[in-house]
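Visitor: coords please:
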Amino acid sequence: MNNLFKIIVLALIITITMGVTANAAEKKVRLKLATTWGPTLEPFSSAVREFADTVEKMSGGTLTIRVDYANKHKAPFGVFDMVKLGQYDMAHSASYYWKGKDTAFLPLTSMPFGLTAVETYAWFYYGGGMDLANKAYNPHNMYFFPGGNTGVQMGGWFRKEINTLDDFKGLKMRIPGFAGEIMAKLGLNVTNIAPGELYTSLERGTIDALEWVGPGMDFKMGFHKIAPYYYTGWHEPGSEMQFLMNQKKFDSLSEAHQEILRVAMRTTAYDLFTKNYALSANAWETMLKENPNIKVKTFSKTIMDAMKGANAELLTKMKAANPLFKEILESQEKFQQKARKWTEMSEYLYVKDNLVE
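Guide: Residues are numbered from 1 along each chain as shown. Predicted coordinates:
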């Protein structure tokens, strides 16, 4: 061997030896993570399992995570308080579920007519979003980390075609959160129904329409077998899931373990986004084969203008009521004005000029 090769081999041996020694010396830690999801809600459930596996492998077994799904801890919307109080070290959920605690949490998931998934990640990591997110969560003894994006969520499955605002009058629709408030202002009877009851409610006419996510997550639910009109999205253009971490617990970890968690969470978020995209592409192809009569529709300009008007009215009131909500939303709006010009020049115009026949 020449001298250079000997030096490289020696350096690799030293690096590996130091890594093994460091792992051996690292105190073993086990974390508990609670999810809002059940064990079969793909791709959310598998993303969390894979996150735990990644952390264990990266740490050489010195950092492990026990994942408890909602069917085990029995409180899908209680994970916020569980992590805050230290009953669990971590959670995987969505920030807009906590709007009743603080409306500032809403835009950290998604807002109607807001940022796309890619724009959302750019804002979080390079537009000041992470600092603002933790400004909201730190007072609750928690750190916020992005946890995976659904991309644009569809506007919903409807049993009848929607042409005018009058078609909304008296319509019963499952659409929760901020979007539900907008639809209620347009005359819909808005309700929130547990996921396990959605198909039956739509089939029996208890509701006339519902929104869920997109083809990848809608397919198994079977909505396309009942409601033939599938409307394009407006209310959740880039819904970001979240990892919540108990602040005291995270601060007690070694720097190595902290960095492993950061890297694994960021990797998991990206993988969940891309997996969901692939699931939707595959599911949509299958849906059309099974039910070729599905009609993809876009709400008319009149309806969209009414939605935007209701959205603006509600946001004005919420900004006045909560300074932190105002700060976060205006940061997103400012970033969107800049980023959307590039999104249009790149993604939109490319796709527009190269549509698949």
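Visitor: hey, let's count contacts and neighbours off CA atoms from now on
Guide: Noted.
Visitor: separation between residue 190 and residue 213?
Guide: Using C-alpha to C-alpha, to the nearest Å, we find residue 190 at a distance of 17 Å from residue 213.
Visitor: Neighbour count: these two, which is higher?
Guide: Higher neighbour count among residue 190 and residue 213: residue 190, with 23 against 20, using other C-alpha atoms under 10 Å.
Visitor: From residue 274, how far out is that one?
Guide: Residue 190 is 31 Å from residue 274, by C-alpha to C-alpha.
Visitor: again with residue 66
Guide: 25 Å.
Visitor: and if you look at residue 291?
Guide: Taking C-alpha to C-alpha, one finds residue 291 at 25 Å from residue 274.
Visitor: Looking at those two, which one has more neighbours?
Guide: residue 274 (16 against 12).
Visitor: can you tell me how far that one sits from residue 337?
Guide: Computed with C-alpha to C-alpha, the distance linking residue 274 and residue 337 is 25 Å.
Visitor: Residue 82 now?
Guide: Residue 82 is 37 Å from residue 337, where distance means C-alpha to C-alpha.
Visitor: go on, residue 49?
Guide: Residue 49 is 37 Å from residue 337, by C-alpha to C-alpha.
Visitor: Looking at these two, which is more packed in?
Guide: When neighbours are counted by other C-alpha under 10 Å, residue 49 and residue 337 differ, and residue 49 comes out ahead with 16 against 11.
Visitor: Skipping adjacent residues, who's closest to the more buried one in space?
Guide: Computed as C-alpha to C-alpha, 6 or more residues apart in numbering, the closest residue to residue 49 that is not its neighbour in sequence is residue 67, at 7.0 Å.
Visitor: Direction included, what does the helix or strand harbouring that neighbour pair up with?
Guide: Assigned by DSSP states H and E, residue 67 belongs to strand 63-68. The strands beside strand 63-68 in its sheet (DSSP bridges) come out as strand 29-35 (parallel).
Visitor: Any chance you could list what contacts the partner strand?
Guide: 62-70, 73, 76, 79, 88-93 (C-alpha atoms under 8 Å, 6 or more residues apart in numbering).
Visitor: please redo it, this time with the cut-off set to 6 Å
Guide: For strand 29-35, the surrounding residues in contact (C-alpha atoms under 6 Å, 6 or more residues apart in numbering) are 63-70, 88-92.
Visitor: cool, and stretch 61-79?
Guide: The contact list for stretch 61-79, computed with C-alpha under 6 Å, 6+ apart, reads 28-39, 52, 56.
Visitor: chain center to it, what's the gap?
Guide: Chain-centre distance of stretch 61-79: 18 Å, with C-alpha atoms, centre = their mean, to the nearest Å.
Visitor: how long is that stretch from one end to the other?
Guide: End-to-end distance (C-alpha to C-alpha), stretch 61-79: 26 Å.
Visitor: just stretch 102-113 next, same as before
Guide: The first and last residues of stretch 102-113 sit 21 Å apart, counting by C-alpha to C-alpha.
Visitor: burial count for residue 195?
Guide: Neighbours around residue 195, by other C-alpha under 10 Å: 9.
Visitor: From residue 68, how far out is it?
Guide: 19 Å.
Visitor: sorry, back to before: tabulate the contacts of strand 29-35 in a markdown table, adding columns for neighbour count, pLDDT and distance to residue 45.
Guide: As requested, these are exported to a markdown table (neighbours: other C-alpha atoms under 10 Å; pLDDT from 0 to 100; distance: C-alpha to C-alpha, whole Å):
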| residue | neighbour count | pLDDT | distance to residue 45 |
| --- | --- | --- | --- |
| 63 | 22 | 98 | 20 |
| 64 | 19 | 98 | 17 |
| 65 | 20 | 98 | 14 |
| 66 | 16 | 98 | 13 |
| 67 | 21 | 98 | 10 |
| 68 | 21 | 98 | 10 |
| 69 | 22 | 97 | 8 |
| 70 | 18 | 95 | 10 |
| 88 | 22 | 98 | 17 |
| 89 | 24 | 98 | 18 |
| 90 | 29 | 98 | 15 |
| 91 | 28 | 98 | 12 |
| 92 | 27 | 98 | 9 |
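Visitor: Now for those residues: which two are most distant?
Guide: Farthest pair in the contacts of strand 29-35 (C-alpha to C-alpha) is 63 and 70. Separation: 22.7 Å.
Visitor: Torsion angles phi and psi at the nearest residue to residue 189 once chain neighbours are set aside?
Guide: Distance criterion C-alpha to C-alpha, 6+ apart; nearest residue to residue 189, sequence neighbours excluded, is residue 172 at 4.7 Å. Main-chain dihedrals, residue 172, degrees, to the nearest 10: phi -100, psi 120.
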